[in-house]
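*Asks:* Sequence first, then the predicted structure:
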Amino acid sequence: MSGFAAYLLIDLSTGEAERREIPGAVMRSRIGGAGLGVHLARELTPAGVDPLGAEAPIVFVFSPLVGTPLTTSAKFAVVAKSPLTGLLNDALSSSHFAIAGRMTGHEAIVLTGRAPQPSVCVIDQQGVRVEPSPELWGLPAADAEEALRARLGRGYRAAAIGPAGEALVPYATVSHDGRHAGRGGHGAVLGSKNLKALAVRGRTKVPLADPDRVLELAADLRERSFGPATEKYRDLGTLANLLAFNALSTLPTRNFREASFEGAAALSAEQVSQLRDRTRTHCASCTIGCGHIYPAGNGGSARMEYENAFALGPLCGVSDPEAVFTASARCDELGIDTISAGGTIAFAMECAERGLLDAPWLRFGSGEALLRALDEIGSGEGVGRLLRMGSRRMAEQVGGGSIAFAPQVKGLELPGYEPRTLQAMALGLAVNARGADHNRSGAYEADFSTRVDRLHGGSASVAAAVETEDNAALIDSMILCKFLRGVFADSRAEWAALLSAVTGFDYSADELGRIAAEIIDEKKRYNLDQGWTADTDTLPERFLSETLATGGGATASLPRERLRGMVAEYYRLRGWDEAGRPRQVMQAGSAEG
């Protein structure tokens, strides 16, 4: 990538656009995707900015691999300050929008300002324009995308928000082609900018430093993508994890009070695939085909994956597949993150059970209550006013010590991994810059292996958390799908070969290791700029003081001192100080002092 690289900065208030150069050294050291996105976001985000303020930027950043023949490479990242956490949020997704966006000739598109009225931003060969589009306001994202393509032409691709983004729900999604940049509330950031959608059409050919070598590597990767490492995703999708997690007492149930669910079989991929028709789908430029679409209520359909099934099923105690599938489809219509929606509803169910919330209808196990709660999130009426806040802010309103069992880290609701029985993952959830997230820390991989003691944590778990977090930073910057990670025999060496052939930079495995650590450091620096403190690198009180039954009379626990010691060792391995600050931040502070 020795040629000119640039991003496009658009002020939605005025419609003015400026093309800005990205230095070659930055492109090499931040790669693209999440790495480059965090770098640009940190450079452009004022300290202490209101994430829903006009001056807060949101960065759509593409991958150096997007537009190439490499499988699963049609991906992009969206980076901004999260309205849910007040800290960094980097959400990734895959679709034809990524390809069209990269073909505009920009490595990233940055939006600032606020359109005077509900609008769409269009980028094509004619330039940039902000078009008033009040007729799209109120539509689900998918309907808005279709309306835009009918208006602009079938060659345009759009990333859009649903009604929840317009209402500034802090866990609203950005959606495109039925996929979602889902976590942390980027949909609300666009809503605060009066932007219903970003529509792009590009014609610029993606440059390849060594086209023949790229074709050779692409053919090899395509062949390996059909192998055993991706088989379960093709056959049943990630929903196949549900029964396995249940058997290992790692399936969060009824707001993390339990780790196995008596109704798991009814929601399992094995059972629902036998009882329901399904359609298998592929993301753009993907050979794996992990998407499994099932019929849902009212003639609709739902893409069922482990995380939405866990959050809307076992976490809320609901075993009725019809209710769970319909709830998932309803989340898509509203444009909200299923994990945060399910986590907040499960939290509210426990609050109601304890008498902290006057909503006797909101009961664990009730599919009717689950669907009513989603309707009230959509309308903002009844308990929906609180549910819209997310579990952390809702706990602050409800009181009664409820923050102890609010299922969140830094404000982001926990995914479907029980921390007390997956203690490398517990650390990964606690220290992650984004909050409780399973895609930025893949430490559960170590927990499910023989490398660590998943019930007792320790130094091996810390090392695994660092390694998997570094690898996630790299794969999220290239960007490739994480479902490919099992096909690489020597991941960093093979990733270096892919990137070298595409960009022309002569990467090595060692250099990628250094880059990964630098990206994690920059994520932490972003959060330090926005007010992060070390006391947020922890888990809710429930996980540190309540023993978990794991079946057969056995129990699991995660003592506070154990987690605290693991966090301290994590800081040490990262080369950070005892307060979790990267070395360069300490040096800058010392120089200024």
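*Replies:* Nice, thanks for sending it over.
*Asks:* and stretch 406-419, what's its mean pLDDT?
*Replies:* Per-residue pLDDT over stretch 406-419 has a mean of 98.
*Asks:* mind exporting it as PDB, just the C-alpha atoms?
*Replies:* Provided in PDB are the C-alpha atoms of stretch 406-419 (Å, rounded to 0.1, in the frame of the first residue of the first chain):
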ATOM      1  CA  ALA A 406     -26.700  -6.000  36.500                       C
ATOM      2  CA  PRO A 407     -25.000  -8.200  33.800                       C
ATOM      3  CA  GLN A 408     -22.500  -5.700  32.400                       C
ATOM      4  CA  VAL A 409     -18.900  -4.600  32.300                       C
ATOM      5  CA  LYS A 410     -18.300  -0.900  31.700                       C
ATOM      6  CA  GLY A 411     -22.000  -0.700  30.800                       C
ATOM      7  CA  LEU A 412     -21.900  -3.400  28.000                       C
ATOM      8  CA  GLU A 413     -24.000  -6.400  28.700                       C
ATOM      9  CA  LEU A 414     -22.300  -9.800  29.100                       C
ATOM     10  CA  PRO A 415     -22.300 -12.300  26.200                       C
ATOM     11  CA  GLY A 416     -23.200 -16.000  26.600                       C
ATOM     12  CA  TYR A 417     -20.200 -17.200  28.600                       C
ATOM     13  CA  GLU A 418     -20.400 -17.900  32.300                       C
ATOM     14  CA  PRO A 419     -17.300 -16.200  33.900                       C
END
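*Asks:* So what's the residue count around residue 333?
*Replies:* 18 (other C-beta atoms under 10 Å). Bear in mind the C-beta positions are built from the backbone N, C-alpha and C, glycine included.
*Asks:* Let me fix that, I meant to ask about residue 216.
*Replies:* 12.
*Asks:* Next, the buried residues of the helix or strand where it lies.
*Replies:* Assigned by DSSP states H and E, residue 216 belongs to helix 211-224. By 16 or more other C-beta atoms under 10 Å, the buried positions in helix 211-224 come out as 214, 217, 218, 221, 224.
*Asks:* can you check stretch 489-501 too?
*Replies:* 491, 492, 494, 495, 496, 497, 498, 499, 500, 501.
*Asks:* For those residues, could you give me a markdown table that also reports secondary structure?
*Replies:* Converted to a markdown table, the buried residues of stretch 489-501 look like this (DSSP: H, G, I helix; E, B strand; the rest coil):
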| residue | secondary structure |
| --- | --- |
| 491 | helix |
| 492 | helix |
| 494 | helix |
| 495 | helix |
| 496 | helix |
| 497 | helix |
| 498 | helix |
| 499 | helix |
| 500 | helix |
| 501 | helix |
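*Asks:* show me what contacts residue 35?
*Replies:* Residue 35 is in contact with 473, 476, 477, 515, 519, 522, counting by C-beta atoms under 8 Å, 6 or more residues apart in numbering.
*Asks:* ok, and the most crowded of the residues you listed?
*Replies:* Of these, with other C-beta under 10 Å as the count, residue 477 tops at 30 neighbours.
*Asks:* Can you tell me, leaving aside adjacent residues, what's nearest to residue 76?
*Replies:* Nearest non-adjacent residue to residue 76, counting by C-beta to C-beta, 6 or more residues apart in numbering: residue 98, 4.1 Å away.
*Asks:* So that neighbour lies in a strand, does it not?
*Replies:* No - looking at residue 98 with three-state DSSP, it is helix, so not inside a strand.
*Asks:* Where does pLDDT dip in the protein?
*Replies:* Within the chain, the stretches with pLDDT under 70 are 1-3, 229-236, 273-294, 297-299, 302, 584-593.
*Asks:* if you skip the residues just before and after it, what's nearest to residue 496?
*Replies:* Per C-beta to C-beta, 6+ apart, closest to residue 496 is residue 507, 4.0 Å.
*Asks:* now residue 40
*Replies:* residue 59 (5.1 Å).
*Asks:* Secondary structure element holding the one you found?
*Replies:* Judged by DSSP H and E, residue 59 forms part of strand 58-62.
*Asks:* Packing partners of whichever helix or strand comes after that strand?
*Replies:* If you walk from strand 58-62 toward the C-terminus, the next helix or strand you reach (DSSP H and E) is strand 75-81. Contacts defined by 3 or more C-beta pairs under 8 Å, 6 or more residues apart in numbering; DSSP states H and E place strand 75-81 against helix 33-44, strand 58-62, strand 88-94, helix 96-102, strand 179-181, helix 186-192.
*Asks:* repeat that with 6 Å
*Replies:* helix 33-44, strand 58-62, strand 88-94, helix 186-192 (3 or more C-beta pairs under 6 Å, 6 or more residues apart in numbering; DSSP states H and E).
*Asks:* Between strand 58-62 and the first one, find me the angle.
*Replies:* Our comparison of helix 33-44 with strand 58-62, counting by axes from the mean of the first three to the mean of the last three C-alpha atoms, to 10 degrees, yields an angle of 150 degrees.
*Asks:* Check which residues of helix 33-44 are buried.
*Replies:* For helix 33-44, by 16+ other C-beta under 10 Å, it's 33, 34, 35, 36, 37, 38, 39, 40, 41, 42, 44.
*Asks:* contacting residues for residue 499?
*Replies:* residue 507 (C-beta atoms under 6 Å, 6 or more residues apart in numbering).
*Asks:* Ignore what I typed, I meant residue 249.
*Replies:* 259, 260, 421, 550.
*Asks:* wouldn't the third one be in contact with residue 251 here?
*Replies:* No - because the distance of 9.6 Å does not satisfy C-beta atoms under 6 Å, residue 421 is recorded as not touching residue 251.
*Asks:* Look at these two and report which has more neighbours.
*Replies:* For the pair residue 421 and residue 251, the greater number of neighbours falls to residue 251 (26 against 23), based on other C-beta under 10 Å.
*Asks:* quick one, phi psi at that one?
*Replies:* phi -100, psi 100 (degrees, to the nearest 10).
*Asks:* Okay, the nearest residue in space to it that is not next to it in sequence and residue 444: tell me how far apart.
*Replies:* Ranked by C-beta to C-beta, 6+ apart and with sequence neighbours excluded, the top spatial neighbour of residue 251 is residue 245, at 4.2 Å. Going from residue 245 to residue 444 by C-beta to C-beta, to the nearest Å gives 10 Å.
*Asks:* Many thanks, we can stop here.
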